[in-house]
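Peer 1: Sequence first, then the predicted structure:
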Amino acid sequence: MSSNENNNDKNNNIVSTIIFDVDDTLYDVGTGFTAHRNGEIVQQYMVDHLHFKSLAAAKSIRDEYFAKYHSTAKALTVAQKDGRFPPNAPEFSVVHLANYWADKLDYTKLGPPKRDVFTFLETLQRDHNVTLVAFSNGPRNYVKRVLEELELFDLFGDERLFAVDDVLPYCKPEKEAFQTIFDCIGCTSVESCVMVEDSMKNIRSAKSLGMKTILVTGSNEEGRILPEDKPDLKDDAVDCS
């Protein structure tokens, strides 16, 4: 093997950046927190603030568009543009939804703070000069609250926390959403980035862009909102799980 080939192999093994999904990745999908957020809470929001006639009507529209976009914020944005909202509904605001979730969700469902995770990742960041990024399809104020509850926010700070607000009109798994993150953090080598995710759609997208991938599975997958997106450890896009 030539010296150039050796160097290429070494470069392929370098990890400069780890990008973490948040929901169902930094906490267990089995807690039921995601089902709580994307179930009764968002449905009540749609009835109270977007004038849907019933929880069932709200659920029907939200679930239809969430299946397409894997983000409630983008789902509701597009649904309104498509004329699927009640005629007297105000303009949907991602920030308004984020603040509602930040105030109304039962964050005790997340479980205890992830202090062991914080210690491990802080050491990785400090001793190996690895950049840590949080990238969620949720709105910013909500995602920040989750990270604060998990006591993980200080690993990322505001400057390395990216939410759907930061990448709209795109969101994961669209490549334009990932490219926005790369541009913001100054990443010039996608191959040195690792994506840590629970969603197969996002894992496949990250892999197609050249990233390494780590698939996170839950203790109880019954809590997954999109059963068709359940983890597949045998998928070629999964490097590690």
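Peer 2: Cool, got the structure. Here the structure is a predicted model, which is why all the values come from computation and not from measurement. Residues are numbered from 1 along each chain as shown.
Peer 1: quick one, what contacts the residue nearest to the spatial centre of the chain?
Peer 2: With distances taken as C-alpha atoms, centre = their mean, the residue of the chain nearest its centroid is S136 (2.9 Å). With contacts taken as C-beta atoms under 8 Å, 6 or more residues apart in numbering, S136 has the following neighbours: D21, V22, D23, V143, F162, A163, V164. Glycine gets a C-beta too; all of them are placed from N, C-alpha and C.
Peer 1: Which positions within stretch 229-238 qualify as buried?
Peer 2: Neighbour counts over stretch 229-238 (16 or more other C-beta atoms under 10 Å) mark D229, P231, A237, V238 as buried.
Peer 1: now stretch 109-117
Peer 2: Those would be L110, K114, V117, for stretch 109-117 by 16+ other C-beta under 10 Å.
Peer 1: and what of stretch 207-220?
Peer 2: Within stretch 207-220, the residues that qualify as buried are K207, L209, M211, K212, T213, I214, L215, V216, T217, G218, counting by 16+ other C-beta under 10 Å.
Peer 1: I'd like the distance between the fourth one and S16.
Peer 2: K212 sits 11 Å away from S16, going by C-beta to C-beta, to the nearest Å.
Peer 1: any shared contact partners between those two?
Peer 2: Listed as contacting both K212 and S16 by C-beta under 8 Å, 6+ apart are C193.
Peer 1: Greatest separation within the contacts of S136: which pair is it?
Peer 2: In these, two members sit farther apart than any others by C-beta to C-beta. They are D23 and F162, at 13.6 Å.
Peer 1: Of the buried residues of stretch 229-238, which belong to helices?
Peer 2: Among these, no member is found in helices (DSSP state H).
Peer 1: Any chance of those residues in TSV with distance to V42 as columns?
Peer 2: As requested, the buried residues of stretch 229-238 are exported to TSV (distance: C-beta to C-beta, whole Å):
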residue	distance to V42
D229	18
P231	23
A237	29
V238	29
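Peer 1: how about the residues you listed in JSON lines, adding pLDDT and distance to K68?
Peer 2: Below are the buried residues of stretch 229-238 laid out as JSON lines (pLDDT from 0 to 100; distance: C-beta to C-beta, whole Å):
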{"residue": "D229", "pLDDT": "73", "distance to K68": "12"}
{"residue": "P231", "pLDDT": "82", "distance to K68": "20"}
{"residue": "A237", "pLDDT": "92", "distance to K68": "20"}
{"residue": "V238", "pLDDT": "94", "distance to K68": "23"}
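Peer 1: Nearest to Q43 among the residues you listed?
Peer 2: D229 (20.3 Å).
Peer 1: wait, isn't F20 in contact with T131?
Peer 2: No. Between F20 and T131 there is no contact under C-beta atoms under 8 Å: 11.3 Å.
Peer 1: When the two are compared, which one has more neighbours?
Peer 2: Neighbour totals were compared for F20 and T131, and F20 leads with 23 against 17 (other C-beta atoms under 10 Å).
Peer 1: ok, what's across the strand from that one?
Peer 2: A134, V196 (DSSP bridges).
Peer 1: and it, what does it touch?
Peer 2: Here F20 is in contact with L26, L132, V133, A134, F135, V196 (criterion: C-beta under 8 Å, 6+ apart).
Peer 1: Now tabulate the residues you listed in TSV and tack on distance to P173, neighbour count and pLDDT.
Peer 2: As requested, these are exported to TSV (distance: C-beta to C-beta, whole Å; neighbours: other C-beta atoms under 10 Å; pLDDT from 0 to 100):
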residue	distance to P173	neighbour count	pLDDT
L26	18	22	97
L132	21	17	98
V133	16	22	98
A134	17	25	98
F135	11	28	98
V196	14	21	98
